[in-house]
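>>> dropping a prediction and its sequence here:
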Amino acid sequence: MAATSLILAGEAALSVARAQQFMPNRNTQPQFRYNGAEKIWFATTRLNENNSVLKPIFAAKRHLDLGLGSLEYGTADVSKPSMNGTLATSGNWSNFHTLMTGTDAGYLAGGVRLQIQNDSNFIDTISRFDGTIMVFAHGYDESFNKSLQDTALISSELEGQMPGQAVLPIAFSWPSFDSTKDYAADEANLEWSKKSFTALMSRILVAKKAETKLVIVGHSMGCRLIFDLLKLPEIYKKPLIEKIILSSADCDYYQALDDLPELEQMVKDKIYVLVSERDGPLLTSQALHKMPRLGKPTDTYANDSGLASKLSDVTSNPLLKSLIANAGSVLLPTQNMQSPELTSWLSGNSNLSQELGLRSEFYDVSDLANFQSELGHRICWPVIARLLTPTASLSPLSVEIIHKMPEKNYLQQTGTRPKVLYRFHKVSTNRFGLGN
């Protein structure tokens, strides 16, 4: 018993240590130069475990509602890496990719300085702000610091895409255990945090100026929070949100299809759904749930560049290895996603080709996925930031329309004759610099 207690105590201490605010060990991290900081706000349902205002510790404990709510607010200065050049002026795909991966790594290796703010300061900031408010809801296996760094990464690129326009970034951080083995625990903590997220969004909608734009970005499991906005009172069921981005959404695909029309009623412009065929965690989630996910709505094919074996090679996590090894139920070795049947169906009935919804579109970011970065599940922030701009231009990246073979459950129930073939706006690197 004593040995077990020692192990548990050690794990608890490690969890707290990982949440401490410090500059990383330069012996294990690449060297980066930093130029100032990106300032963001945060609202969190994580417990401030040491009650400090200037050096709070947020790990995976829930901030229980003991009469004052579960949300705590604050500001963060996130170290901003200084890079040689910008994505917009990169000139070619090789330079673009180098800058993209370097910037990404630079933000994640940098420091974060926190300060707790009171509720009235938060609301006052919202009510006085002119520009675009961006709310980011992270996914599972995400530390508090990383959720802030991801928010800063998106907002910094968005500011670069909209010079002269102010952006107010807000991170909503829920108590993730920051561990791939704790998927179920993260799922429970996210479910518990839904009420606080909808309360936060209702407060922002009430406090902000009418002309101030509000955009929301969800990633992975965090996209489920956005669908929960449908539980807001009817007074909010009108187009008060400018745009929504659902990135690598770990949500049930068919439940999302049912809910998207109602969610569209809350959006002025578009809902963009970012998908990838090279997303390892969504492959495992698909295997776990036995149904497709919104961020990966098609079946996985064994001839997709040896996806499962590549994923297994780059992860040492036993749970992921096990799920990948048992993903045979979603692997279809005899079919091809770009099947000739698609051409036949579309030539016979061009009306089959449709967008995801009246205001919703699929964007395929498979070409930008990187197995070495969270097994292809990393936020595709260059695309996200560009879609959030008024023009939604992805330049210098280009886009082509493709269709994909529907997943097997749908085909079985439609008699192998689909009622609809959704368009996928595939973000391509093949025509770099040629525009949309």
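Cool, the structure landed.

>>> show me the contacts for residue 293.
Going by C-beta atoms under 8 Å, 6 or more residues apart in numbering, residue 293 touches 249, 250, 251, 252, 253, 282, 285, 286. (Glycine included, C-beta is placed from N, CA and C.)

>>> quick one: which of these is nearest residue 360?
Ranked by distance to residue 360 (C-beta to C-beta), those are led by residue 249 at 11.8 Å.

>>> so the closest one sits against residue 294, correct?
Yes. Taking contacts as C-beta atoms under 8 Å, residue 249 lies within contact range of residue 294: 3.9 Å.

>>> strands along the stretch 251-400 of the chain, start to end?
267-275, 353-354, 360-364, 398-403 (DSSP state E, counting those that start in this stretch).

>>> format those strands as JSON lines; extra columns: mean neighbour count and distance to residue 143.
Below are the strands of the stretch 251-400 of the chain laid out as JSON lines (neighbours: other C-beta atoms under 10 Å; distance: least, C-beta to C-beta, whole Å):
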{"stretch": "strand 267-275", "mean neighbour count": "22", "distance to residue 143": "22"}
{"stretch": "strand 353-354", "mean neighbour count": "14", "distance to residue 143": "40"}
{"stretch": "strand 360-364", "mean neighbour count": "21", "distance to residue 143": "27"}
{"stretch": "strand 398-403", "mean neighbour count": "16", "distance to residue 143": "33"}
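
>>> looking at those strands, which one has the lowest mean pLDDT?
Of all the strands of the stretch 251-400 of the chain, the minimum mean pLDDT falls on strand 398-403 (a mean of 93).

>>> residue 195 - that's part of a helix, no?
Yes. When the secondary structure is assigned by DSSP: H, G, I helix; E, B strand; the rest coil, residue 195 falls within a helix.

>>> circling back: for residue 66, which of the strands of the stretch 251-400 of the chain is the nearest?
Of the strands of the stretch 251-400 of the chain, nearest to residue 66 by C-beta to C-beta is strand 267-275, at 35.3 Å.

>>> okay, now the sheet partners of the helix or strand hosting residue 116, with direction.
Using DSSP states H and E, residue 116 maps to strand 112-117. According to DSSP bridges, strand 112-117 forms sheet pairs with strand 72-81 (antiparallel).

>>> starting at the chain centroid, how far to the partner strand?
Relative to its chain's centre, strand 72-81 lies at 19 Å (C-alpha atoms, centre = their mean, to the nearest Å).

>>> average pLDDT across that strand?
97.

>>> the residue nearest to residue 259 when sequence neighbours are not counted: which element?
Take residue 259 and drop its neighbours on the chain: the residue closest to it by C-beta to C-beta, 6 or more residues apart in numbering is residue 227, 5.4 Å away. Taking DSSP H and E as the definition, one finds residue 227 inside helix 223-227.

>>> can I get the contacts of residue 293 in JSON lines with pLDDT, distance to residue 376 and neighbour count?
Converted to JSON lines, those look like this (pLDDT from 0 to 100; distance: C-beta to C-beta, whole Å; neighbours: other C-beta atoms under 10 Å):
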{"residue": "249", "pLDDT": "98", "distance to residue 376": "14", "neighbour count": "28"}
{"residue": "250", "pLDDT": "97", "distance to residue 376": "13", "neighbour count": "28"}
{"residue": "251", "pLDDT": "98", "distance to residue 376": "18", "neighbour count": "22"}
{"residue": "252", "pLDDT": "97", "distance to residue 376": "20", "neighbour count": "18"}
{"residue": "253", "pLDDT": "97", "distance to residue 376": "18", "neighbour count": "20"}
{"residue": "282", "pLDDT": "89", "distance to residue 376": "8", "neighbour count": "26"}
{"residue": "285", "pLDDT": "87", "distance to residue 376": "13", "neighbour count": "25"}
{"residue": "286", "pLDDT": "85", "distance to residue 376": "13", "neighbour count": "26"}
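
>>> residue 403 is in contact with residue 298, correct?
No. Contact between residue 298 and residue 403 fails when scored by C-beta under 8 Å: they sit 10.4 Å apart.

>>> switch the strands of the stretch 251-400 of the chain over to CSV; also include distance to residue 223.
Formatted as CSV, the strands of the stretch 251-400 of the chain follow (distance: least, C-beta to C-beta, whole Å):
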stretch, distance to residue 223
strand 267-275, 9
strand 353-354, 22
strand 360-364, 13
strand 398-403, 22
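
>>> quick one: closest of those to residue 342.
Nearest of those (C-beta to C-beta): strand 398-403, 5.3 Å.

>>> so which bits of whatever helix or strand comes next after that closest one are buried?
On the C-terminal side of strand 398-403, the nearest following helix or strand under DSSP H and E is helix 408-413. For helix 408-413, the neighbour count (16 or more other C-beta atoms under 10 Å) marks 410, 411 as buried.
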